[in-house]
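Peer 1: my questions concern the predicted model and sequence given below.
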Amino acid sequence: MKIQHNTLNSISITIYGEPSEKVYLYLHGQNGNQEEAAFAARILTTKGWQVVAYDLPEHGTRKNSSEKFVPWEVIPELKNLYQTLKQNWTTIALYGNSISAWFSLLAFADIQLDYCLLVSPVVDMEKLITKMMSWAQVSEVQLEQEQLIETDFGQTLSWQYFTYTRTHPVTNWQIPTKIMFGENDNLTSLAEIRSFAEKYHCQLTVMPGGEHWFHTEEQLQFLSTWLNKV
């Protein structure tokens with residue numbers, strides 16, 4: 001598989017595959033990096049696609065970036081990136097993981113991508129943050145008063161982030177989409193993902209016993225089989 005390293009909008013990117021008019025934009029999840037795209041690229045490139053991957057703010061090569069891993073910074077960045085991709089490819093698809101799927105649902109809601117694959121997508125961030133607040137036993141009043149609260153499970157609760165999710169719900173998604181989801185995903189419930197898939201006419205595949213993070217040999221094989229079919 002051909003691998004090139006380049007820059008796009010002054011950001012380092014990795015391009016997988018031989019030259020093509022078709023490209024997948026691969027977006028990693030929290031704590032991920034652009035190298036993760038190699039797994040999907042090994043399959044997608046055999047189907048005539050290239051795959052472009054890059055590190056989101058505060059991740060990988062951008063660990064110390066001035067840009068932050070928050071929606072009001074990531075979403076404009078994704079919109080700008082799409083416009084640049086349009087100058088180089090005629091068919092643009094999306095591969096979004098976890099929180100990056102949610103970023104994408106907002107960034108590309110009014111942009112007609114050709115195709116979309118979502119893996120363990122977060123589809124309702126307000127509900128997820130509310131769940132995390134419950135885990136941390138933090139009330140809305142407390143969060144508003146303190147603004148930022150560190151939790152013992154590694155997440156920082158932010159009042160600004162929480163209120164952003166309330167004023168920016170996902171209300172439109174018309175892109176042909178296929179979703180891979182683990183039955184035991186602890187961030188999004190099975191009922192929630194089924195409701196989303198039905199509302200927006202997405203094809204949903206659920207791995208029995210699967211988790212939010214697909215990482216075991218069995219889970220990766222299931223994901224690989226799914227990718228080969230799509």
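Peer 2: On my side now, so go ahead. Being a predicted model, the structure only gives us computed values, none of them experimental. Numbering: from 1, shown residues only.

Peer 1: host element of A197?
Peer 2: helix 190-199 (DSSP states H and E).

Peer 1: name the surrounding residues that touch that helix.
Peer 2: 121, 123-124, 127, 179, 181, 183, 185, 202-204, 206 (CB atoms under 8 Å, 6 or more residues apart in numbering). Any C-beta I mention is one placed from the backbone N, CA and C, and that applies to glycine too.

Peer 1: distance between it and the chain's centre?
Peer 2: Helix 190-199 has its C-alpha centroid displaced from the chain centroid by 17 Å (CA atoms, centre = their mean, to the nearest Å).

Peer 1: picking up where we left off before, closest to T14 among the contacts of helix 190-199?
Peer 2: P121 (22.3 Å; CB to CB).

Peer 1: packing partners for the helix or strand of the chain with the lowest mean pLDDT?
Peer 2: One helix or strand of the chain scores below all others by mean pLDDT, DSSP states H and E: strand 3-8, with a mean of 93. Packing partners of strand 3-8 (3 or more CB pairs under 8 Å, 6 or more residues apart in numbering; DSSP states H and E): strand 11-16, helix 71-86.

Peer 1: hmm, try it at 10 Å
Peer 2: Where contact means 3 or more CB pairs under 10 Å, 6 or more residues apart in numbering; DSSP states H and E, strand 3-8 is packed against strand 11-16, helix 37-44, strand 50-54, helix 71-86.

Peer 1: the helix or strand following the first one pairs with which strands, and in what direction?
Peer 2: Using DSSP H and E, the helix or strand that follows strand 11-16 in sequence is strand 22-27. The strands that strand 22-27 pairs with in its sheet are strand 50-54 (parallel), strand 91-97 (parallel) (by DSSP bridges).

Peer 1: just the helices and strands packed on strand 3-8: most buried one?
Peer 2: strand 50-54 (a mean of 25; mean count of other CB atoms under 10 Å).

Peer 1: then that strand to PDB, C-alphas only?
Peer 2: Only the C-alpha atoms of strand 50-54 are listed here, as PDB (Å, rounded to 0.1, in the frame of the first residue of the first chain):
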ATOM      1  CA  GLN A  50      -7.400   6.800  -1.300                       C
ATOM      2  CA  VAL A  51      -7.500   7.600   2.400                       C
ATOM      3  CA  VAL A  52      -6.500  10.900   3.900                       C
ATOM      4  CA  ALA A  53      -5.800  11.000   7.600                       C
ATOM      5  CA  TYR A  54      -4.600  13.700   9.900                       C
END
